[in-house]
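1. got a sequence here, can you model it:
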Amino acid sequence: MKRTSLLFLGLLLFLGMSVSFAQSKKITGKVTSADDGSALPGVTVTIKGTGRGTQTDGSGAYSVDAASNQTLVFTFVGMSTQEITVGSKNVIDVSLAGMTINWSN
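-> Model (predicted):
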């Protein structure tokens with residue numbers, strides 16, 4: 001009886017892990033400048049609330065594994081940060097705009 005219970009528990013753990021991994025999917029896209037449409041290499045693409053992420057390559061392209069309920073955060077020096085929830089999308093192209101700084105005080 002004890003052995004059967006351990007086998008059953010092991011099977012449940014395995015199935016639970018398989019389901020959690022199955023929810024993740026590959027997201028690809030390209031990040032460009034809103035100012036002139038040029039590709040932005042070196043943009044940091046992170047999955048909000050995790051330590052996972054990547055950077056865009058020389059042509060502004062990226063690829064990251066994320067679940068549909070997660071949010072991608074796009075950051076680049078001198079540009080406004082953008083957050084996009086994955087949802088049902090497999091391709092997420094982003095256009096980042098330069099920051100506007102208000103120096104009046």
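
2. what about residue 29, neighbour count?
-> By other C-beta atoms under 10 Å, 21 other residues sit near residue 29. The C-beta positions use only the backbone N, C-alpha and C, and glycine is treated the same way.

3. got it, and the one 10 residues further on?
-> Counted with other C-beta under 10 Å, the burial measure for residue 39 works out to 15 neighbours.

4. excluding its backbone neighbours, what's nearest it?
-> Using C-beta to C-beta, 6 or more residues apart in numbering and skipping the chain neighbours, the partner closest in space to residue 39 is residue 60 (3.2 Å).

5. equivalent analysis for residue 35, please.
-> Taking C-beta to C-beta, 6+ apart, and ignoring the residues beside it in sequence, residue 35 has residue 98 as its nearest neighbour in space, at 6.0 Å.

6. quick revisit: quick one: contacts for the residue nearest to residue 39?
-> Going by C-beta atoms under 8 Å, 6 or more residues apart in numbering, residue 60 touches 30-32, 39-41, 43.

7. what is the helix or strand encompassing residue 29 packed up against?
-> Taking DSSP states H and E as the criterion, residue 29 maps to strand 24-33. Where contact means 3 or more C-beta pairs under 8 Å, 6 or more residues apart in numbering; DSSP states H and E, strand 24-33 is packed against strand 61-67, strand 94-96.

8. and the contacts of that strand?
-> By C-beta under 8 Å, 6+ apart, the residues outside strand 24-33 that reach it are 38-40, 43, 45, 56, 59-68, 72, 74, 76, 79, 86, 89-98.

9. and the angle from it to strand 61-67?
-> Strand 24-33 and strand 61-67 are oriented at 140 degrees to each other (axes from the mean of the first three to the mean of the last three C-alpha atoms, to 10 degrees).

10. mind listing what's buried in strand 24-33?
-> For strand 24-33, burial by neighbour count (16 or more other C-beta atoms under 10 Å) applies to 27, 29-33.

11. mind saving the C-alpha coords of it as CSV?
-> Output of strand 24-33 as CSV, limited to C-alpha atoms (Å, rounded to 0.1, in the frame of the first residue of the first chain):
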residue,chain,number,x,y,z
SER,A,24,5.0,28.4,-21.7
LYS,A,25,5.4,29.3,-25.3
LYS,A,26,8.0,30.9,-27.5
ILE,A,27,7.4,34.6,-28.1
THR,A,28,9.3,36.3,-30.9
GLY,A,29,9.3,39.8,-32.2
LYS,A,30,11.2,42.9,-33.3
VAL,A,31,11.8,46.2,-31.4
THR,A,32,12.1,49.4,-33.4
SER,A,33,12.3,53.1,-32.8
